[in-house]
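Asker: model this:
(one chain, ligands or ions: 1)
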Amino acid sequence: MALPDRPFYVVLMGPPGAGKGTQSAILENEMGLKRVASGDLFRENLVKGTPMGVQAKSYMDRGELVPDDVTVGMIRERLTRSDCQKGAILDGFPRTLPQAYSLDRMLGMAGRRINIAISISVPDEVIMERMTGRRVCRAYGHVYHVIFNPSKDPQICDVDGSELYQRDDDKEDTVRNRLYVYYKQTAPLIGYYFAKGVLVEMDGNQPIEEVHGLLGQIMASQA
Ligand code: AP5
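Answerer: Coordinates of the predicted model:
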């Protein structure tokens, strides 16, 4: 998939478990466009024991959003690094209207903008099934599912050989709260990006390869 010859920013939205991480990782490999995942950045900070990581953990464990100022500051710093000069695939950011306004401002100051915002929808009961079966690798966060996308060895990552684990926030009660928070705080972004003329909505309740095929068509139509 060819990278457009101009800075290109993709927002991937959707409820927890919609497949944002799975699809953005494939797109990153294919397009050479850097994936910037707010949840992964918080988890990396937690592993390093930074104050931001420790602060974020208390929100993540409850399935709530980390405060906007912390999240926006983290993303602003990440987007200014050299590997994001061609743009980025934003996975899980923005997640509130104030975050979206801040992102527009920071890109606008550099003469850039969001080119496409893709909203992936998946029914709630499918989400519960996906989250409870998700496994993630310790080294780089490669994502698997015990049924829908299993690794060869259930405990080992196929890509880098590190241990697979279940995220603390993938427990049923926490997932329910994350879904509630999604509908309350993040779903309004669908209207926001529609009004800006950059929204594409797609059905994520299909096998991974088919979702990927659809995303490829969407990207090709924008390039
Ligand atoms: P984050 O890590 O971003 O979690 P999330 O958005 O809730 O999304 P997930 O990573 O859970 O799901 P996903 O859509 O990436 O699905 P995946 O591809 O893994 O955020 C975690 C926390 O950090 C938040 O709760 C919040 O506290 C904080 N945070 C993050 N960003 C923030 C922000 N902007 N503001 C404030 N706080 C923030 O797939 C899920 C499973 O399904 C996998 O097992 C996968 O193999 C499987 N699967 C994927 N696609 C398919 C398919 N098509 N068919 C079958 N199975 C599939």
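Asker: mind checking how far residue 185 is from residue 15?
Answerer: Residue 185 sits 12 Å away from residue 15, taking Cβ to Cβ, to the nearest Å as the criterion. Glycine gets a C-beta too; all of them are placed from N, C-alpha and C.
Asker: contact residues of the protein facing the ligand?
Answerer: Within the chain, the positions adjacent to the ligand are 14, 16-22, 38-39, 42, 59-60, 63-66, 71, 92-95, 99, 130, 133-134, 143-145, 148-149, 169, 178, 204, 206-208, 211 by Cβ under 6 Å from any ligand atom.
Asker: what kind of secondary structure is the residue of the chain most remote from its centre in?
Answerer: Here the chain reaches farthest from its C-alpha mean at residue 153, the gap being 25.6 Å by Cα atoms, centre = their mean. Three-state call for residue 153 (DSSP: H, G, I helix; E, B strand; the rest coil): coil.
Asker: ditto for the one 5 residues further on
Answerer: Three-state call for residue 158 (three-state DSSP): coil.
Asker: look at it and report its pLDDT.
Answerer: Note on residue 158: pLDDT of 97.
Asker: ok, it - contacts?
Answerer: For residue 158, the contacting residues are 142, 151, 152, by Cβ atoms under 8 Å, 6 or more residues apart in numbering.
Asker: and of those residues, the nearest to residue 218?
Answerer: residue 142 (23.8 Å; Cβ to Cβ).
Asker: so where's the protein uncertain?
Answerer: 1-2, 223 (pLDDT under 70).
Asker: just say helix, strand or coil for the one residue in the chain that gets nearest to the ligand.
Answerer: Nearest to the ligand in the chain, going by Cβ to the nearest ligand atom, is residue 39, at a distance of 2.0 Å. Assigned state for residue 39: helix (three-state reduction, three-state DSSP).
Asker: got a list of what the spatially closest residue to it that is not a sequence neighbour touches?
Answerer: Spatial nearest neighbour of residue 39, excluding adjacent residues (Cβ to Cβ, 6 or more residues apart in numbering): residue 92 at 5.0 Å. By Cβ under 8 Å, 6+ apart, residue 92 lies in contact with 12, 20, 21, 37, 38, 39.
Asker: neighbours around the closest residue to residue 40 other than its chain neighbours, how many?
Answerer: What sits nearest to residue 40 in space, not counting adjacent residues and going by Cβ to Cβ, 6+ apart, is residue 141, at 5.3 Å. When neighbours are counted by other Cβ atoms under 10 Å, residue 141 registers 17.
Asker: these two touch, right, residue 141 and residue 42?
Answerer: No: counting by Cβ atoms under 8 Å, residue 141 sits too far from residue 42 to count as a contact (11.4 Å).
Asker: re earlier: which one of the contacts of residue 158 has the most neighbours?
Answerer: That'd be residue 142 among the contacts of residue 158, by other Cβ under 10 Å, with 19 neighbours.
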